[in-house]
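S.K.: model the structure of this input:
(2 chains)
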Amino acid sequence: MATRSSTADDVMMEIEASKPAGNGIVVGGLSPLSESLWKEKTDTDFVGDVSARLAWKDLTVMVTLGNGDTQNVLENLSGYAEPGSFTALMGPSGSGKSTLLDALSGRLAANAFLSGTILLNGRKAKLSFGTAAYVTQDDNLIGTLTVRETISYSARLRLPDRMPWPDKRALVESTIVEMGLQDCADTVIGNWHLRGISGGEKRRVSIAVEILMRPRLLFLDEPTSGLDSASAFFVTQTLRALSRDGRTVIASIHQPSSEVFELFDRLYLLSGGKTVYFGQASEAYEARSLFFAQAGFPCPALRNPSDHFLRCINSDFDKVKATLKGSMKLRFESTDDPLDKVTTGEATRTLIDSYRASQYCYLANQKIEEMSKVKGTVLDSGGSQASFLMQAFTLTIRSFINMSRDFGYYWLRLIIYIVVTVCIGTIYFNVGTGYNSILARGACASFVFGFVTFMSIGGFPSFVEDMKVFQRERLNGHYGVTAFVISNTLSAMPFLILICFISGTVCYYMVRLHPGFMHYVFFVLCLYASVTVVESLMMAIASVVPNFLMGIIIGAGIQGIFMLVSGYFRLPNDIPKPFWRYPMSYISFHFWALQGQYQNDLKGLVFDGQSPETKIPGDYILEYVFQIDVHRSKWIDLSVLFSMIILYRIFFFIMIKVNEDVTPWIRGYIARRRIQQKNANQNTTVTPFGLTKSPSLRAYVQNRASGNGKR
Amino acid sequence: MEIDVAGGDVEAGLPRNGGEAYLVWEDLNVMLPNFGQGPTKKLLHGLNGHAEPGRIMAIMGPSGSGKSTLLDTLAGRLARNIVMTGNILLNGKKRRLDFGVVAYVTQEDVLLGTLTVRETISYSANLRLPSTLSKEEVKGIVEGTIMELGLLDCADTQVGNWQLRGISGGEKKRLSIALEILTRPRLLFLDEPTSGLDSASAFFVIQSIKNLARDGRTVISSIHQPSSEVFALFDDLYLLSGGETVYFGEAKLALKEETHKTSDPLMNLATADIKSILVEKYRRSDYASKARLRSREISNLQELEIKTIKGSPARWWKQLLTLTERSFLNMLRDPGYYWSRIVIYTIVGLCVGTLFYDVGTSYTAILARGACGGFITGFMTFMSIGGFPSFIEEMKVFYRERLNGYYGVGVFILANFISSFPFLVAVSVITGTITFYMVKFRPEFSHYVFFCLNIFGSIAMVESVMMIVASLVPNFMLGIITGAGVLGIMMMTAGFFRLLPDLPKPFWRYPVSYIGYGAWSLQGAYKNDMIGLVFDPLVPGDPKLKGEDIISNMFGIPLDHSKWWDLFALYALIICYRFLFFLILKAKERIGPFFQSLYAKRALHRFKKRPSFKRKPSFSNVSSSKRHSNLHSLSSQEGLNSPIP
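M.R.: Sure thing, here's the model as predicted:
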């Protein structure tokens, strides 16, 4: 805390010192709400200039390909974004729009390396995990929640605990209004079996969730892709309005219509990772594309300017034309378009050169120099402000609501379980104590604990959906892994208990297993433990395996092997010792469940022998027919099952942590080694200094902690 | 120059489908009846229009304005619950345009991901071109089509699926178009061919279509937000808003008339007043009257006859050969279809083999042998479910091709069986060999053969069950769950978990255990394994136990028929199940249209009784076309395309 306040003092002093140089950047007034929020957040006594001035200089991103080659995706990009302005990144597909946004927000892939400087308010800054809000292209939202619920749970997850609920509510409502979501506020978002809001509304919800914390810096990757022109216009209009609130907004946009294009303040035109134009959008647009006219490519009268720009710099058109000329009886109507005379490749080169020599480039560089001298506020909002308990509590409720509304998560399984247990119940109806019923009881238990628990795999797709939402929120720093694991465990509990209670009761009383209430309780508990183990196992698999189908196949395979060594298909003493008996059968949860259930069921009963006169006691059968360890209490077997649940969940937790921290580090290390080797061979000019590590949560936290001290 | 020669060949080598196709539609009304609450929705209001050969028409409008509905209506592919009135005239005659008359390129590209572009086109050519053409001629047509659509660069690249990166979206679209124009149809419909493409690929696609139109074909394409480049390629424009015509005429004239810079401002027709002004203005304009006049002219053209090809002219054995080859290639290249299963079966086979290694003839070996047989015929065959996703992909391709009349249901089923045969044999021989010789069931070779045949039968049976499930269930996840449930029940009644005589008679024993494959294969396996063996008794010194006694007393299996009869029953069941699958597919095709026409008649009848039904402009939230009912590919639906990092 001490270091923190001292940094704040430093900042204050610097701000005071540099205030006169505040060179007239127009900062739109903060809305009262965002002002109150920022007062809360910065927890110091100044609420001065909390706007974000972003500048980037000589940004180069290099990607190492699979075969060790490197490729520059971005080359020496410079630019800036001011508060209160809306910057649009445009360019044909593959020109590096998304890469630039990823680079700015610190989310490059592990094999990409960034060199150059990114300055936020004149300081070098990492913009990952909360400092800049980043709305990516895919909308990973929980389909069963309504729009209002989605936003308000997100608010509860991240807003500080001490903020009173009416304030949070007001913030949520104002965000809904801001994004124009009033009409669909109580509609569910929708998933694969539930029809919900439209694509445009979904995009707006994604944006709403990110702007909830009033970030000063907002990045959006293609917010209008897949929307029809009306929704695209609305979304862009909203973004412009957001920027007018003193925020800095950068969005990549693919093929805007002319109305949408008119909303941009600044235009950053990219082609093949190089700057084609950076400056006022209107200057490229109003005077019939001033810059483009200067370069020799004026926009024809009947053409949308953004279409024209993209047409000029999209080198794919060369390929298209070449192919068309080569393969078809070409019937191009002749035009006076200069573009038909030169290839787009040449046009792009001309444009890039003329931009470098133009006043726009000069002005931009001057501005960047200016901005890098002004040291402003350290914007350090960082992820969530809520306490761990609040996060866990909110997540539990949210996940519970999701489970209760998603038919595929538990309800479908409940129905299937009831159907299957009724089948079992009728097949083994009133099993009795005849000679044949000895084997029948064994088979029944094995079927219940083997096959019935197996069907818990059915919830896997829904869980994968959950995981996707988790990944997105985790990357934006909404909450931690622990909170997720705990909330998932707690919210699933009532459903699992309900399922096991109903199907266990049906099965137990139809088959008439061992009389006595405690035996019944044990059976249900054992079933519950087994089903939960399967869930935990599937969770652990989900954290390791790359996709859904692989997950199901591997899950099924592991359970198949577990079942094989459970002691039913092969008696425990006959299982080969080296591999199958010693580690495997003890790892298998079926083994423990069967050991417990056999004892629970057979102990104390007396069965008919092969001839009606002889009687066989249950204990004898246990020991000699099923080869069960009768000296171990069945309750110990049960407790082993419960501890397995905890072990798998811990494994899940560790795997996520490993994926977050270790894997990117290793990949980055390998890639760095490769580049260094290459450099040693070729003596290229890439300095190892320019290589930054790919983002990892822990590295970020450490950097922040140590960085605060250093600065 | 060579290229032109190739193009000439194409034209010469093909049967001319008669002359040009003039299409006229008059007073087209389409509605979505709502008998319960709420008003009936009119999706299209009295549309008139015509399309001429050699021209390419764009249907434009904001989303939900009825673009796809109009195309679906013209192509005769409306959803079940939709009622249509009005006339569609082809060369002055009223006729239905489905199954082959019109080539319809729908929005989604349903292609087999493992084939290359050239293979996709040439298999399609072999399926549909008449058998009279020689190999060279067919090859010429295929190469010509590849040229024509500019697919030469990617001709030997695989199309790609969720696990395989293949050709780009634009190339996929052009491939879909290539498949439809193979038979040189005179009428070509395209539903949003440029959606999801970047400007260069969109331009390319439309340019290719335009070239097709120049050959004297009639092309209608719906298009959403074209760039100015793309828009300039269209000859005619049909502008729709809320199901009403806003403009119909030459595309270039529209620009001048509305004095807008580009096509973009025209798209914002959502503002109701502008729209109604335009609609009214159009109705009274010269364009409307001119268009009406032209329509009337065209509809009087009686003499032009268009030969319709119903279905495919290729012979059925040629289709079978082509389909088998294609399907085999797909199975060979898709690691998820059979290869992964071979790996898994080998692993599980080894597990079983080591676990029951050298089982012997001691007393406990009796139960062990039983359990081993139960596990192999039950659980191991169960794992054949793993091929279900790949089968579903193949079914999708089948549905599309069937709708376009490429080939019959029977050919498909037969081809699927023949092509999967080698893989099934491989799977069963590998598993059979590993387990049989590791467990050391019996020394005799004939027992080994029976064992493998039994496994083969069981796996083929599971496949058949999953096929039936796939034809009945709408999506993949539900398919797996239902399949697992059905197989679970079959396993439960097999006689392993509950002995056959102990099964409750009424339901479980009598129909179910006889329908299920489990009982037959398990009986066969037990008989194969134990008859003729002697086992040690429980108490040493007692007389040895004979295998026959064990089977009849301990496992409760009657010995009144030989194991070969059990095997025969299993194979008979397979044939029955495949036949059932065939019947279901046929029934779906036949019964669907029947109910639809019944429904339409009833709906119209009820409309007549009502004094008037409310006219309500359609907004995008309810719509008829399949496009709006949240169409998802399998992969996106099941989250296959987004790996968990």
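S.K.: could you give the mean pLDDT of stretch B:130-149?
M.R.: For stretch B:130-149, the mean pLDDT works out to 86.
S.K.: give me the buried positions along that stretch.
M.R.: Neighbour-count burial for stretch B:130-149, with 16 or more other C-beta atoms under 10 Å in any protein chain shown as criterion, is recorded at B:130, B:133, B:137-138, B:140-149. For glycine as for every other residue, the C-beta is placed from the backbone atoms N, C-alpha and C.
S.K.: out of those, who's nearest chain A?
M.R.: The nearest member of these to chain A, counting by C-beta to the nearest C-beta, is B:Met147 at 4.5 Å.
S.K.: which ones are touching A:Cys507?
M.R.: If you count contacts by C-beta atoms under 8 Å, 6 or more residues apart in numbering or on different chains, A:Cys507 has them with A:Thr421, A:Ile424, A:Gly425, A:Val448.
S.K.: now it: phi and psi?
M.R.: Summarising the backbone geometry of A:Cys507 under the convention degrees, to the nearest 10, its torsions are phi -60, psi -50.
S.K.: just the buried residues of stretch B:130-149 now: which is nearest B:Arg402?
M.R.: For the buried residues of stretch B:130-149, the minimum distance to B:Arg402 (C-beta to C-beta) is 19.4 Å, reached by B:Pro130.
S.K.: how about the closest one: what's its closest non-neighbour residue?
M.R.: Spatial nearest neighbour of B:Pro130, chain neighbours left out: B:Pro313 (3.9 Å); criterion: C-beta to C-beta, 6 or more residues apart in numbering or on different chains.
S.K.: thinking again about what came up before, and the contacts of A:Cys507, which two are the farthest apart?
M.R.: Largest separation among the contacts of A:Cys507 by C-beta to C-beta: A:Gly425 and A:Val448, giving 10.5 Å.
S.K.: out of those two, which sits in the busier spot?
M.R.: Under the neighbour definition other C-beta atoms under 10 Å in any protein chain shown, A:Gly425 and A:Val448 were set side by side, and A:Val448 has more, 27 against 19.
S.K.: which residue is nearest the middle of chain B?
M.R.: B:Lys396 (1.9 Å; C-alpha atoms, centre = their mean).
S.K.: ok, which stretches of the stretch 451-600 of chain A are strands?
M.R.: All residues of the stretch 451-600 of chain A lie outside strands when identified by DSSP state E, counting those that start in this stretch.
S.K.: tell me the pLDDT at residue 243?
M.R.: Just going to use chain A. We have a pLDDT of 86 for A:Ser243.
S.K.: correction: the question concerned chain B.
M.R.: Per the predicted model, pLDDT is 80 at B:Gly243.
S.K.: okay, now it: neighbour count?
M.R.: 25.
S.K.: could you pull up phi and psi at it?
M.R.: B:Gly243 has phi and psi values of phi 80, psi 10 when expressed as degrees, to the nearest 10.
S.K.: what does the one 3 residues further on give?
M.R.: Dihedral angles of B:Val246 (phi, psi; degrees, to the nearest 10) stand at phi -100, psi -40.
S.K.: correct me, but it touches B:Leu237?
M.R.: No: the pair B:Val246 / B:Leu237 is not scored as a contact, 9.6 Å apart, by C-beta atoms under 8 Å.
S.K.: more neighbours: those two, which one.
M.R.: A side-by-side neighbour count of B:Val246 and B:Leu237, using other C-beta under 10 Å, places B:Val246 first with 26 against 23.
S.K.: could you pull up the contacting residues of the residue nearest to B:Pro130?
M.R.: When contacts are counted by C-beta under 8 Å, 6+ apart, B:Pro313 is found next to B:Arg128, B:Leu129, B:Pro130, B:Ser131.
S.K.: nearest to chain A, of those?
M.R.: If you rank those by distance to chain A using C-beta to the nearest C-beta, B:Leu129 comes first, at 21.2 Å.
S.K.: what about that closest one, how many residues nearby?
M.R.: Residues contacting B:Leu129 under the criterion other C-beta under 10 Å number 23.
S.K.: ok, and the closest non-adjacent residue to it?
M.R.: Closest residue in space to B:Leu129, ignoring its immediate chain neighbours: B:Val138 at 5.8 Å, by C-beta to C-beta, 6+ apart.
S.K.: which elements pack onto the helix or strand hosting that neighbour?
M.R.: If you go by DSSP states H and E, B:Val138 is part of helix B:135-148. In this structure, helix B:135-148 packs against helix B:2-13, helix B:117-128, helix B:169-181, helix B:199-214, with contacts taken as 3 or more C-beta pairs under 8 Å, 6 or more residues apart in numbering or on different chains; DSSP states H and E.
S.K.: surely B:Leu503 meets B:Gly516?
M.R.: No: judged on C-beta under 8 Å, B:Leu503 makes no contact with B:Gly516 at a distance of 11.1 Å.
S.K.: intersection of neighbour lists for these two?
M.R.: Contact with both B:Leu503 and B:Gly516 is made by residues B:Thr493, according to C-beta under 8 Å, 6+ apart.
S.K.: what sits closest to residue 408 if chain neighbours are left out?
M.R.: Here I'm looking at chain A. A:Ser462 (5.2 Å).
S.K.: please refer instead to chain B.
M.R.: Nearest non-adjacent residue to B:Gly408, counting by C-beta to C-beta, 6+ apart: B:Trp316, 7.1 Å away.
S.K.: give me the phi and psi angles of residue 359.
M.R.: Reading this off chain A. According to degrees, to the nearest 10, the main-chain angles of A:Gln359 amount to phi -70, psi -20.
S.K.: nope, chain B please
M.R.: phi -70, psi -30.
S.K.: tell me the contacts of it?
M.R.: Contacts for B:Val359 (C-beta under 8 Å, 6+ apart) come out as B:Ala365, B:Ala368, B:Arg369, B:Cys372, B:Val439, B:Lys440, B:Phe441.
S.K.: quick one: pLDDT of it?
M.R.: pLDDT, the model's per-residue confidence, is 88 for B:Val359.
S.K.: model confidence for the residue nearest to A:Ser271 when sequence neighbours are not counted, exactly?
M.R.: If the residues on either side of it in the chain are set aside, A:Ser271 comes closest to A:Ile313, at 3.9 Å by C-beta to C-beta, 6+ apart. Confidence at A:Ile313, expressed as pLDDT, is 76.
S.K.: gap between A:Ile313 and A:Leu89?
M.R.: For A:Ile313, the distance to A:Leu89 under the criterion C-beta to C-beta, to the nearest Å works out to 13 Å.
S.K.: which parts of chain A are strands?
M.R.: In chain A, the segments counted as strands under DSSP state E are A:54-64, A:70-81, A:85-90, A:112-120, A:123-124, A:133-135, A:217-221, A:248-252, A:266-271, A:274-280, A:606-608, A:615-617.
S.K.: what about the last one, near chain B?
M.R.: No: no part of strand A:615-617 sits near chain B under the criterion C-beta under 8 Å from any C-beta of the partner chain; the closest distance found is 11.5 Å.
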